[in-house]
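>>> Need coordinates for the below:
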Amino acid sequence: MVASCLSQQNAHLQGVNKLSQSRLEAHNKAILEMKKKVRASRDIYSSHLEELQNVVRLHKANSNACLEQVSALTTSSACSIDEFLASGSETTSSLFDELQNALASHQGEMALFARELRQKFHTTMEQTQEMSEYTSTFFQKLMLESKNAENRAAEANDSQINSIIDFQKTYEAQSKSDTEKLIADLTNLVSSHVRRQHELVDSRLHNFKDAVSSNKTFLDEHVSAVNNLAKDAKRKWETFSMQAENDAKEGADFSAAKHCRMELLLQQSVGHAESAFKHCKTTHESLKEMNSKQVADVSSLVKSACDNNEEHDAEVDSARTAAEKDVAKNSDEIIKQIDRMSEDEKVSVSQILENVKIHEKSLESFQQDHCCQARCIEDKAQETFQQRYMEYEPTGTTPSKSEPEVPTKATIESLRAKPVESLVEAFRENNSYESFAAKESKPQQLTRSPLSQVN
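Model prediction:
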């Protein structure tokens, strides 16, 4: 059974080998044809690319020529603009020199005017300072005179109060002494008392009169001094006001004259600025005309370059169309070749799959038969070695115990796990036909009496 299975396996393998060889030869032939197609397509593409490269080189030459013309035109235009600007810069520089001179003279006039105004301001400040110092001195004198008058009035008041107090004390003392004397001699004393009181009052009144006259004299002198100071201050103030008025008139006249001068210089500056503006305007118009001319020339060159680009685009489009056609043709041929190869591959694969299925079925049937036989052997082995016997002492008549080599369960499982081909090879190597015949010719062992079973 194993030999028939092996013969079937060999037959299947030979069929697969033949299919593989035929498929390999067809594949090599298809690869050679594909290489030829690819080489032909590469040559065609190379020719198309050379044509396209030639067109691009032609377009490059035309574009370079146009760009060189544009560069030459731009260079000439730049040179002409530089010459025009150089010619106009002289006039502009002269105008700006005049304007700068006018502004410099204006600046000098303004500096001189500011310096003169500063001098006049300093003179006015000095006069104001002198008037302030004089007014301060005048008020200091007035304060001194007022203080002297106050002191004088205080002294006069104190002297009068002291005179009155002394008069009162003297009068009281004299009245007391006279009253005591009047008790002794009333008549004589009355006359003498009246006379002494009259003399005392006259002397005191004379003293008061002298003090009042001296106070009046001092006040008259103080008033006259104050009047002199006021007249002197009035005269000084009138002189200062006249001087300030004259200075203000002179400053106004001087400012008006300087203002007229600055107006004249400003008008000159405005005239120079207008001339410069007109010159700049003329320059700008000329530059605009030159730029418009240059733009027209450049536009014509750009238009010619665009036409060349359009022509180049059309040539490239035609070359691209031809290349696309060739590519499409070659691609279709290659696709058809690939489709044919694919169909051949599909047929070969289907045949290989059928052989493989047949092989699988044979293997499955062989595996099922092998499993059934292995299961029968296992059942027999379990049935044989399931019982256990007691050991006994051998006697002279009892044959010696001969136990066959029984494999273990692990050995059996490992043998079941091995493939059938390896088991068949091992069986053939270990059990040849001669050894099997010798084993069959050996006499059978003598039977022995049954042994007592161990419960």
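>>> Could you tell me how many residues sit around the nearest residue to Ser255 once chain neighbours are set aside?
Once flanking residues are discounted, Ser255 sits nearest to Leu117: 7.8 Å by C-beta to C-beta, 6 or more residues apart in numbering. Glycine gets a C-beta too; all of them are placed from N, C-alpha and C. Leu117 is flanked by 14 other residues according to other C-beta atoms under 10 Å.
>>> can you check Ala102 too?
19.
>>> Okay, now the unreliable bits of the stretch 1-150 of the chain?
Applying pLDDT under 70 to the stretch 1-150 of the chain flags the ranges 1-3, 5-6, 10, 13, 17, 88, 132, 146.
>>> How far does the one helix or strand His272 maps to sit from its chain's centre?
Per DSSP states H and E: His272 is located in helix 186-385. Taking the mean of its C-alpha atoms, helix 186-385 sits 15 Å from the chain's own mean (C-alpha atoms, centre = their mean, to the nearest Å).
>>> And stretch 31-48, by the same measure?
56 Å.
>>> With adjacent residues omitted, what lies nearest to His312?
His312 sits nearest to His59 (C-beta to C-beta, 6+ apart), 4.0 Å away.
>>> What is the helix or strand hosting the one you found packed up against?
In the assignment (DSSP H and E), His59 maps to helix 2-184. Packing partners of helix 2-184 (3 or more C-beta pairs under 8 Å, 6 or more residues apart in numbering; DSSP states H and E): helix 186-385, helix 420-430.
>>> CA atoms only for the shortest one - export them in CSV, please.
Extracted as CSV, the C-alpha positions of helix 420-430 are listed here (Å, rounded to 0.1, in the frame of the first residue of the first chain):
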residue,chain,number,x,y,z
VAL,A,420,5.3,8.3,6.1
GLU,A,421,8.3,8.4,3.8
SER,A,422,10.8,8.6,6.6
LEU,A,423,9.1,5.7,8.4
VAL,A,424,9.2,3.6,5.3
GLU,A,425,12.9,4.4,4.7
ALA,A,426,13.7,3.5,8.4
PHE,A,427,11.6,0.3,8.2
ARG,A,428,13.4,-0.7,5.0
GLU,A,429,16.8,-0.1,6.6
ASN,A,430,16.1,-1.9,9.8
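>>> any idea of the angle it forms with helix 186-385?
If you take axes from the mean of the first three to the mean of the last three C-alpha atoms, to 10 degrees, helix 420-430 sits at 50 degrees to helix 186-385.
>>> Burial check on Asp253, number of neighbours?
With other C-beta under 10 Å as criterion, Asp253 counts 10.
>>> Look up how far Gln367 lies from it.
Separation of Asp253 from Gln367 (C-beta to C-beta, to the nearest Å): 141 Å.
>>> neighbours around His272, how many?
19.
>>> Next up, the contacts around the residue nearest to it when sequence neighbours are not counted.
Of all residues not flanking His272 in the chain, Leu99 sits nearest, at 4.0 Å (C-beta to C-beta, 6+ apart). Leu99 makes contact with 269, 272-273, 276, according to C-beta atoms under 8 Å, 6 or more residues apart in numbering.
>>> run the last query once more with 10 Å
Contacts for Leu99 (C-beta atoms under 10 Å, 6 or more residues apart in numbering) come out as 268-273, 275-276.
>>> and the helix holding His272 with helix 2-184, angle?
170 degrees.
>>> Which strands or helices does helix 186-385 pack on?
Judged by 3 or more C-beta pairs under 10 Å, 6 or more residues apart in numbering; DSSP states H and E, helix 186-385 is in contact with helix 2-184, helix 409-417, helix 420-430.
>>> can you redo these as TSV with distance to Asn330?
Output for the helices and strands packed on helix 186-385, formatted as TSV (distance: least, C-beta to C-beta, whole Å):
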stretch	distance to Asn330
helix 2-184	4
helix 409-417	57
helix 420-430	51
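>>> Quick one: closest of the ones you listed to Ser331.
The closest approach between Ser331 and any of these, judged by C-beta to C-beta, belongs to helix 2-184 at 8.3 Å.
>>> from the middle of its chain, how far away would the closest one be?
Using C-alpha atoms, centre = their mean, the offset of helix 2-184 from its chain centre is 20 Å.
>>> Which residue is the nearest non-sequential neighbour of Val70?
Leaving out its chain neighbours, the residue that sits closest to Val70 by C-beta to C-beta, 6+ apart is Leu301, at 5.1 Å.
>>> Now for the one you found: which residues touch it?
65-67, 69-70, 73.
>>> Please check those residues and keep the buried ones.
In these, burial by neighbour count holds for 66, 69, counting by 16 or more other C-beta atoms under 10 Å.
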